[in-house]
Structure formats: structure tokens, C-alpha cells
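In: Predicted coordinates and the sequence they were generated for:
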Amino acid sequence: MTIRVLIVDDQMMVREGFSVLLNAMEGIEVVGEAVNGREAIAQVAALRPDVVLMDIRMPEMNGLEATREIVAADTDAKVLVLTTFDLDEYVYQALRAGASGFLLKDASARQLADGVRVVAAGEALLAPSVTKRLITEFSKLSETRMFIHATGVGELTERETEVLVLIAQGLSNAEIADRLIIAESTIKTHVSRILVKLGLRDRTQAAVFAYEARLVIPA
């Protein structure tokens, strides 16, 4: 099945560059482009892409606001945030708003394609080179938010809590299955139950939840 991608960036060279790279990859097709968040929302509704490559800082409506609206519309599109090496201050908010991960703008063609495939498959994508900068935000959380999320953890079984921690550490279903020595299909069931119990959209929000509940402590 071909993965349909929408590229959202106010710089034409960036859009055209990513479009050329992705269209050259097997199983990926760029179905449209948008120059700002407002246009992105309209394009998502019209084109029904599987993955939205979303820049953050754009005129008229930024990527954070667009991500919130796209997620709130309950579309099937997964949002993959594009950021520079110096982590954008809005990436953390974008993940909380429902983005499925973030990728560096200077990623190679292979990394870009792999990132699109990972997100389209429902996995979380947190670029290792900037994750340390991201999780420092979790150490600034208020005690109130920590308490709210900690109470939600009580809904999970011991095994589900264990799986949630491993999700937050960036492990895939296959890697979690190997770690816990159980079937990958069982892990998929646990992940689904975790999302339902905690009212979360996907694995990335589950990872954010785990940090906010202090199940995983930022180094």
C-alpha cells in the first residue's frame, strides 16, 4: 500500500526538495503541499494523506495550531514535525497536541523515508540526536500535572505499565516483545489497551504520558 504524504512548509525549496526525495522512494507518494497551517488543514481534509510532514514556524497559522486542529478533527493522518538541529521550542507542545514524532530537517533521504514509514505504521518517532533536549521539558512540569497523570497510571495492570515504560524508551513492538519474551501480537494488544484506558491517540502521546507521570525520569 502506497503511503500518501502531504508536505507543509513555507519555504518552496524545502517542499520541492522533500517532494523529490520522497517520490523517489518505493511505496511513498507526495500527494500535495501546503505553505502554512491553515492551508494544511484544508489539504488534509481534501487529500486524506497518511502522513503530514509539518514545519512549525509558518505565517498565518503555525504548525502547532495546525497539528491540534488536524488531530482534533480525528483524521487518520499522522503528523510528523520537522525541526532544525536547535530543537524548536514548540516541538514539545506539538507532541502533546498529538504529533506522532519529529524529524530533523537535515535528515538524509533514507532517514526521511524511514521516518514516514515508521509514523505511517503507527509507531512513535523521536530523533535520538535531539531527544535529550526534548525531555528536559518534562523536568519543568508542575506537580499538579504529575498528580493527574499519576492517578491515570492506576488504571493499568503491572504488565501494561511495564510496556508503557518501554514505549517511552523508544522501543518498537518487536523490541518490547523480545525484551519481555512474549509474542509481538500480545504487545500490540497491551498497547491498544493502554491507549484506550488512558484516552490517548497513539504511542507518542503514550510516551509523553509516561514522562509526565514520572514512570520514566529524564536524565
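Out: Thanks, I have it. Since we're looking at a predicted model, the values are computed, not measured.
In: Please report phi then psi for the residue nearest the centre of the chain.
Out: Nearest to the mean C-alpha position of the chain, by CA atoms, centre = their mean, lies Ser100 at 1.4 Å. Main-chain dihedrals, Ser100, degrees, to the nearest 10: phi -90, psi 0.
In: pretty sure it is touching Leu80, no?
Out: Yes: Ser100 is within contact range of Leu80, at 6.1 Å (criterion: CB atoms under 8 Å). No exception for glycine: its C-beta is placed from N, CA and C like everyone else's.
In: Can you name the residues that contact Leu180?
Out: 162-163, 166, 187 (CB atoms under 8 Å, 6 or more residues apart in numbering).
In: Pick out whichever of those sits closest to Tyr92.
Out: For the contacts of Leu180, the residue nearest Tyr92 by CB to CB is Leu166; the value is 21.2 Å.
In: Pull out the buried positions in the host helix or strand of that closest one.
Out: According to DSSP states H and E, Leu166 maps onto helix 158-168. Neighbour-count burial for helix 158-168 flags 160-168 (criterion: 16 or more other CB atoms under 10 Å).
In: And stretch 56-74, by the same measure?
Out: Judged by neighbour count using 16+ other CB under 10 Å, the buried positions of stretch 56-74 are 56, 58, 62-71.
In: any chance of the residues you listed in TSV, with distance to Arg203 and pLDDT too?
Out: Listed next are the buried residues of stretch 56-74 as TSV, based on distance: CB to CB, whole Å; pLDDT from 0 to 100:
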residue	distance to Arg203	pLDDT
Ile56	21	87
Met58	26	90
Asn62	24	89
Gly63	20	90
Leu64	20	88
Glu65	23	91
Ala66	21	93
Thr67	16	92
Arg68	19	90
Glu69	21	92
Ile70	17	93
Val71	14	88
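In: Next one, pLDDT for Arg110 please.
Out: Note on Arg110: pLDDT of 87.
In: likewise Leu126?
Out: For Leu126, the predicted pLDDT is 65.
In: and Ile7, bridged to which residues?
Out: Glu33, Leu53 (DSSP bridges).
In: Count the residues that sit near it.
Out: Ile7 has 26 neighbours, counted by other CB atoms under 10 Å.
In: That one is in contact with Leu53, isn't it?
Out: Yes: with contact defined as CB under 8 Å, Ile7 counts as touching Leu53 (4.9 Å).
In: any residues in contact with both of these two?
Out: Residues touching both Ile7 and Leu53 by CB under 8 Å, 6+ apart: Phe18.
In: returning to what we had before: I'd like to know which of the contacts of Leu180 is nearest to Glu26.
Out: Ile187 (27.5 Å).
In: What is the neighbour count of that closest one?
Out: Applying other CB under 10 Å, we find 24 residues neighbouring Ile187.
In: Need the pLDDT of it.
Out: 93.
In: Buried residues in the helix or strand that contains it, which are they?
Out: If you go by DSSP H and E, Ile187 is part of helix 184-198. Applying a neighbour-count criterion of 16+ other CB under 10 Å, one finds 187, 190-191, 193-195, 197-198 buried in helix 184-198.
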